[in-house]
Structures are given as structure tokens and as C-alpha cells.
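Undergrad: Build me a structure from this.
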Amino acid sequence: QVQLVESGGGLVQPGGSLRLSCAASGGTFNSYGMGWFRQATGKEREFVAAITSGGRIYHADSAKGRFTISRDNAKNTVYLQMNSLKPEDTAVYYCAADTAEYRVVAGKAVYWGQGTQVTVSS
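TA: Modelled structure (predicted):
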């Protein structure tokens with residue numbers, strides 16, 4: 001059983017930056033594909049970015065050029081660096097993990113964190 005704990009969310013002004021972290025425990029971290037998703041109030045959950053165990057990266061079009069996913073296998077942690085934040089980035093951000101990496105990208109990962117709130121507002 002894998003546990004995922006997100007942190008780093010908060011209130012930020014438009015144009016600002018945040019770095020989200022997702023700490024994993026209970027599994028072999030370097031064998032998991034990891035991903036970030038977000039869900040705004042009243043909207044469906046959407047894919048943000050994913051990184052495979054081998055380091056291949058996928059970003060949603062909305063994240064390209066502004067968000068960067070990375071992982072530190074020594075720390076069992078995946079990060080989402082978010083720059084040039086916009087009000088429309090406001091959402092609860094969730095971390096996901098699965099050994100079947102295609103399931104992460106598809107939003108069907110087995111393991112999910114509890115989420116961290118990101119609010120972009122002046």
C-alpha cells in the first residue's frame with residue numbers, strides 16, 4: 001500500500017510561483033509512474049503532468065511552459081514547480097501513483113493523495 005502526502009499549496013498572487021511536493025511511502029518509489037492532477041470547484045479532475053519511472057515527462061497543454069514536474073527518487077518525492085500562475089489555476093492539486101504508468105496519465109492510477117489547495121488571487 002502506497003501513501004501519498006501532498007504539501008506546498010497556498011494562496012499566491014497572479015504571476016507568482018509555488019512548488020508542490022508529494023511524499024510517497026509504503027512502496028518502491030522508483031518503480032512508480034507519478035502524476036499531478038487538479039480539480040477546480042464544479043469541474044472534473046484534469047491531468048496536469050506526469051513523470052515515468054524512467055524520467056519521461058508529459059505535460060497538459062495548459063501546463064506547458066509554466067509547470068515543471070520532477071522527481072527525487074532518493075527522497076521518494078515528486079514535485080510540481082508552478083510559475084506564472086493564473087487565477088484559472090486555482091484548484092485542489094492531487095498526486096497520483098501507479099506501477100502501470102499509462103494509468104497515471106489516464107487518470108486511473110491506483111494511489112492518490114488527499115490533495116492540496118492552490119488559490120491564485122489578488
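Undergrad: Bridging across strands, which residues link to the residue nearest the centre of the chain?
TA: Taking CA atoms, centre = their mean, the centroid of the chain lies closest to residue 36, which sits 2.3 Å from it. Listed by DSSP bridges, the beta-bridge partners for residue 36 are residue 49, residue 95.
Undergrad: what packs against the helix or strand of the chain with the lowest mean pLDDT?
TA: Within the chain, no helix or strand scores below helix 101-105, which has a mean of 90 by mean pLDDT, DSSP states H and E. Here helix 101-105 touches strand 33-39, strand 46-51, strand 91-98, going by 3 or more CB pairs under 8 Å, 6 or more residues apart in numbering; DSSP states H and E. The way it works is simple: take the backbone N, C-alpha and C, and place the C-beta from them, glycine included.
Undergrad: Save the ones you listed as CSV, and put in mean pLDDT too.
TA: Shown next, in CSV, are the helices and strands packed on helix 101-105 (pLDDT from 0 to 100):
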stretch, mean pLDDT
strand 33-39, 97
strand 46-51, 96
strand 91-98, 97
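Undergrad: now the ones you listed in CSV, with distance to residue 8?
TA: Formatted as CSV, the helices and strands packed on helix 101-105 follow (distance: least, CB to CB, whole Å):
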stretch, distance to residue 8
strand 33-39, 11
strand 46-51, 14
strand 91-98, 9
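Undergrad: That'll do, ta.
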